[in-house]
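J.: Any chance you can model this:
(one chain, ligands or ions: 1)
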Amino acid sequence: MTSEILREARRYEEVAEQYIQNTDRPGFHLSTRAGWMNDPNGFSYYQGQYHLFYQYYPYAVKWGPMHWGHAVSDDLLHWTYLPAALAPDTLPDRDGCFSGSAVELPDGRQLLIYTGVVEVGRGMGELESVRQNQCIAIGDGLNYEKYAGNPVIDSDTAPEGCSKEDFRDPKIWKEADGTYRCIASIRPADGSGMILLYSSPDGIHWKFESILAENKNRFGKMWECPDFFELDGKYVLLTSPQNMLPEGFEYHNGNGTLCLIGDFDKETKQFHDEFDQAVDYGIDFYAPQTLLAPDGRRIMIGWMQNWDTLAMIRNKARWFGQMTIPREISIRNNRLYQWPIRELDKLRRNRVEYRDVDLDGELRLDGIRGRQIDMTVTIRPAEGEKIYEKFALWFGENEIYHTSLSFHPSDSIMKIDRKFSGSRRAVIHQRRSKVSHQNGKLTMRIILDRFSAEIFVNNGEQVITATIYTDQEADGIKFIADGKLVLDVEKYELG
Ligand code: FRU
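T.: From the prediction side, this is the model:
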C-alpha cells in the first residue's frame, strides 16, 4: 500500500519538475527530479535496466526528511525518472529513509535495504536522541512494500560501546552460494568509524558476523556509506569519512572519500588494508556506490557535491544535487583507477583535433570551446627547451568568468580553481593535488557538463571533480603557458 506521505511526494514531484527546464539541468549527469538530492542509493542492474535511487527531499532545495528518489537508464547517461520509491512513513523510519542499497531476490523482486531514522522524544519536550537501524522494502522496480518486521538489523547487534545514533548506510550483495552479505557503518566507542559485516540466508533475517574494518581514528571520524568488493585480485573498501584532517596533498579537510585496498581474511572475516588513497582530488565528490554490471564491469557513481560547500547553491535554481559521471573502476599497481563509462563515447559528436601545437603564452584554438564536451589534452615540454614553469587551461570562460586547471611540473602540483566561476560565496574554491608526469608530459581527459567538470588525469590514475555554476554563455577555452610546451587536443561535443 502506498502511504499518503509517499503519494504526496509523488504528486508534488510531478508538478515541481515542470518548473525546471531541461536546459537548466545537466545534460548527461543525473540531477534530482525536484528539490534536493544527496547520496546515490540502490545503484543496481534490475530487470534489464540500471536503477539509481538517491537521498531525496522533493519539497525544497535543502536537506529535509529523507525520501528515496528513483530513476532508470539503459546506458547510465540518459535517465528517466520514476516515482519516488520510499518516504519516511512508518514507525521505524518516520524521520528519514537514509542511504542504502539494492539486490534482486530469487523470485525476481527487488529488495531495498536502507537506514530507518527515528528521533526519539521529538515533539514531547524531551531531549532528542536519534536511533538508526537497518530496514528493508521489497518491490517490483516501481513500488516497494516496507517489511512489517522492520528494522531487520538493530544497533543492539553491534559490539559493546557502539553508538545507537550513528549506524547506517547498509550495502548489500549476494554471495555465489545465494546467501547475502551486508555491511554498515557505525561509530564505535573511540568516536571514529567502524564497518560491521552481517549475513543472511534470505535478505530478511540478519546475523552479525564481524567487525570488517576499523578506522581507529586514522582517517577522519565517522565513516559513512561503505562499499566493499573484490576487484582485480584485491579487496577494496570505499567509505566517506566525516571530519577529516588534511594530510599532505592526499586528503582535504572535512568530508572526503577514502579508498582502502587490501585483503579479506575469510576465516576472521576481517579486511586488512594495505594501501590508502583519496578517491577524488577535486572539490565535489562524496558517498559513492558501485555496482557490478552484467558484463563484469565494476561501475562507481558518487554524489557530485561536498557537504561543506553547499552554500555555493546556484541562484534561483529549483533543484540541487547531481551525480558524477558513472566511472569504470579498476586496480592497477595497488591504486584505484577511474574512467568514464564507455557508453559516453556514443554521445561524442563533431570531433576537432589538433596535434603538435606550440604553446608559449596564451592560445585559443578554433572550434575548441563548449560546456558539454569530452576533451583530451596532452602536454609535453617543447624539444630543446628547458621545461616549462606552468601550464593552465581555462574553461567556462568569458570576460568575467573562468575556472582554471593549472599544473607546475617543478612540484608536480595540479590545481583546480573555480574562484572566478561566478560563485558569490566564501567557500572553498580550489584544491591542489600531486599528479605524476614524465618530465612535464601528462594527459588530461576533461568532461564538462553544464554545471560540472571532471578531469581524468593520466588515464584515470587521478580524478578531479568540481561543480561550476557559471552562466552557460561562458563557454570559452584558453590555454596558457609560462615557458614553452607542445599540445595535442582532441575534442568532442557531448549530447
Ligand atoms: C552521507 C549521509 C549518509 C546518510 C545520508 C543522509 O552523505 O550523511 O551517511 O545516510 O547522508 O541523507
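J.: and the strand or helix carrying Phe407, what does it pack onto?
T.: Following DSSP states H and E, one finds Phe407 within strand 403-408. The helices and strands touching strand 403-408, judged by 3 or more C-beta pairs under 8 Å, 6 or more residues apart in numbering; DSSP states H and E, are strand 390-397, strand 413-417, strand 442-449, strand 452-457. The way it works is simple: take the backbone N, C-alpha and C, and place the C-beta from them, glycine included.
J.: try it again with 10 Å
T.: Packing partners of strand 403-408 (3 or more C-beta pairs under 10 Å, 6 or more residues apart in numbering; DSSP states H and E): strand 390-397, strand 413-417, strand 430-434, strand 442-449, strand 452-457, strand 462-467, strand 476-494.
J.: would you turn those into CSV with distance to His205, mean pLDDT and mean neighbour count?
T.: Below are these laid out as CSV (distance: least, C-beta to C-beta, whole Å; pLDDT from 0 to 100; neighbours: other C-beta atoms under 10 Å):
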stretch, distance to His205, mean pLDDT, mean neighbour count
strand 390-397, 52, 98, 22
strand 413-417, 47, 98, 19
strand 430-434, 45, 97, 17
strand 442-449, 43, 98, 21
strand 452-457, 41, 98, 23
strand 462-467, 39, 98, 26
strand 476-494, 46, 98, 19
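J.: could those strands be laid out in CSV, adding distance to Glu328?
T.: Formatted as CSV, those follow (distance: least, C-beta to C-beta, whole Å):
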stretch, distance to Glu328
strand 390-397, 24
strand 413-417, 22
strand 430-434, 21
strand 442-449, 13
strand 452-457, 11
strand 462-467, 12
strand 476-494, 17
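J.: of those strands, which approaches Arg168 most closely?
T.: Among those, the nearest to Arg168 by C-beta to C-beta is strand 462-467 (23.9 Å).
J.: what lines up beside the strand holding Phe407 in the sheet?
T.: Sheet pairing of strand 403-408 (DSSP bridges) gives strand 390-397 (antiparallel), strand 413-417 (antiparallel).
J.: about what we covered before: nearest approach to the ligand belongs to which of the helices and strands packed on strand 403-408?
T.: strand 462-467 (15.5 Å; C-beta to the nearest ligand atom).
J.: which ones are touching the spatially most central residue of the chain?
T.: Compute the mean C-alpha point of the chain, and by C-alpha atoms, centre = their mean the closest residue is Gly302, 1.1 Å away. Applying C-beta atoms under 10 Å, 6 or more residues apart in numbering to Gly302 gives the contacts 39-40, 225, 238, 240, 257, 279-280, 284-290, 323-327, 338, 463, 465.
J.: what about it, distance to Thr467?
T.: 12 Å (C-beta to C-beta, to the nearest Å).
J.: shared neighbours, those two?
T.: Contact criterion C-beta under 10 Å, 6+ apart; residues shared by Gly302 and Thr467: Asp284, Phe285.
J.: Can you name the residues that contact the residue nearest to the residue nearest to the centre of the chain when sequence neighbours are not counted?
T.: In this structure, Gly302 finds its nearest non-sequential neighbour in Pro288, 3.6 Å apart by C-beta to C-beta, 6 or more residues apart in numbering. Pro288 sits next to 39-40, 43, 225, 227, 238-240, 257, 259, 279-280, 300-303, 323-324, 326-327, 329, 338 when contact means C-beta under 10 Å, 6+ apart.
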